[in-house]
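Enquirer: What follows is a predicted structure for the sequence shown.
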Amino acid sequence: MRNAYFLFVILFQFNFVSAQETEKIQAKINLFQKDIFVMIDAVVENSDHIYKNQLKYHLLSLRKNANSKIYTKEDRFGDFTLLPNEKKTITNLKLSIEPNQELKVYLFIKDDKQLVAIDSVKINETVEILKTTAIQEDEIEIKGLVVENVRTKIGKDFYDIFYQKYNRSGAKYSFVININEKPFIGGRGALVSIEVDDKKIFEFQARPDEEMLQKAADYTLKLIKNYSKNRNTFEKIY
């Protein structure tokens, strides 16, 4: 019993120290509006006295029309360092936002492979007034999100089949699912890949064959379900 008590104390202290380390990196999305354009600055601050040399950022923007479920996605990735007590803009983005459009922006910061900071905002244009609200990390908008990056009818057919099956499954994962496509020369097929957390979990050669696309969608759902169950293990491996 005494050994168990000491083990609990050690684990508690470890988790407390880890939380303290995480809070020493802060992420902030700054927005500036000019006409129909929105300027986005990704700012990170190191409040620690230790030099940070293994930091990575992911700036994700998702834009869609109010009556649509399909997002247009833009990504910015990069490595950077922070001196002790340094605050700097690590990247910026300029986007246009039209009436009845919605824009969501997420900034993820990792130290090596651990997520240490996140910031997010949601932008709506209503009655010519730009309104910005903060998004909680576990807010429903980020859950169940599927981003389409396809170019051909075959890719679109797979996306539609997968999206319908995903909705019917009732699952709402906390990570973004990306459906990507590289068309073959000649237009008789495409290489479709599915990525989550910037990791490719499945890739296949798609053909204009509905039965094959149905089976591929079913298999993709199984892989994503398995990934979700073992996500912490995958995070340590990659």
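Expert: That came in fine, so what should we check first? Residues are numbered from 1 along each chain as shown.
Enquirer: pLDDT score for Asp198?
Expert: Reading off the confidence values, Asp198 has pLDDT 72.
Enquirer: I figured it was touching His58, is that so?
Expert: Yes - with contacts defined as C-beta atoms under 8 Å, Asp198 counts as touching His58 at a distance of 7.3 Å. C-beta coordinates here come from the backbone N, C-alpha and C atoms, glycine included.
Enquirer: where do the contact lists of the two overlap?
Expert: Phe77 (C-beta atoms under 8 Å, 6 or more residues apart in numbering).
Enquirer: Tell me which of the two has more neighbours.
Expert: Counting neighbours by other C-beta atoms under 10 Å for Asp198 and for His58 shows that His58 has the greater number, 19 against 14.
Enquirer: for whichever strand or helix holds that one, packing partners?
Expert: Assigned by DSSP states H and E, His58 falls within strand 52-65. Packing contacts for strand 52-65, counted by 3 or more C-beta pairs under 8 Å, 6 or more residues apart in numbering; DSSP states H and E, involve strand 37-46, strand 72-82, strand 87-96, strand 101-111.
Enquirer: mind listing what the residue nearest the centre of the chain touches?
Expert: What sits nearest the mean C-alpha location of the chain, by C-alpha atoms, centre = their mean, is Val176, with 5.0 Å. Taking C-beta under 8 Å, 6+ apart as the contact definition, Val176 lies against 60, 142, 145-147, 196.
Enquirer: Can you give me the domain assignment for the protein?
Expert: Structural domains of the chain, as assigned by automatic domain parsing, span the residue ranges 24-134, 146-237.
Enquirer: Can you tell me which of these has the worst average pLDDT?
Expert: domain 24-134 (a mean of 81).
Enquirer: so Asn178 touches Asp197, yeah?
Expert: No - at 9.7 Å, Asn178 does not count as touching Asp197 under the criterion of C-beta under 8 Å.
Enquirer: ok so, going back, and the helices and strands packed on strand 52-65: which comes nearest Leu191?
Expert: Comparison of the helices and strands packed on strand 52-65 against Leu191 by C-beta to C-beta identifies strand 72-82 as nearest, at 18.6 Å.
Enquirer: helices or strands up against the closest one?
Expert: strand 37-46, strand 52-65, strand 87-96.
Enquirer: Gly170: which of the ones you listed is closest?
Expert: Closest approach to Gly170 among the helices and strands packed on strand 72-82 (C-beta to C-beta): strand 52-65, 22.4 Å.
Enquirer: Just want the angle from the closest one to strand 37-46.
Expert: Per axes from the mean of the first three to the mean of the last three C-alpha atoms, to 10 degrees, the angle that strand 52-65 makes with strand 37-46 is 150 degrees.
Enquirer: CA atoms only for strand 52-65, dumped as CSV, please.
Expert: Once side chains and other backbone atoms are set aside, the C-alpha atoms of strand 52-65 remain, and they are given as CSV (Å, rounded to 0.1, in the frame of the first residue of the first chain):
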residue,chain,number,x,y,z
LYS,A,52,13.3,25.8,-27.6
ASN,A,53,14.9,24.3,-30.7
GLN,A,54,12.5,21.5,-31.8
LEU,A,55,9.2,23.5,-32.3
LYS,A,56,6.9,22.9,-35.2
TYR,A,57,3.8,24.8,-36.3
HIS,A,58,0.7,23.9,-38.3
LEU,A,59,-1.6,26.8,-39.3
LEU,A,60,-4.8,25.4,-40.7
SER,A,61,-7.6,27.5,-42.3
LEU,A,62,-11.0,26.1,-43.3
ARG,A,63,-13.4,28.2,-45.4
LYS,A,64,-16.8,27.4,-46.7
ASN,A,65,-20.1,29.0,-47.8
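Enquirer: Lys225 falls within a strand, correct?
Expert: No - if the criterion is DSSP: H, G, I helix; E, B strand; the rest coil, then Lys225 is helix and not within a strand.
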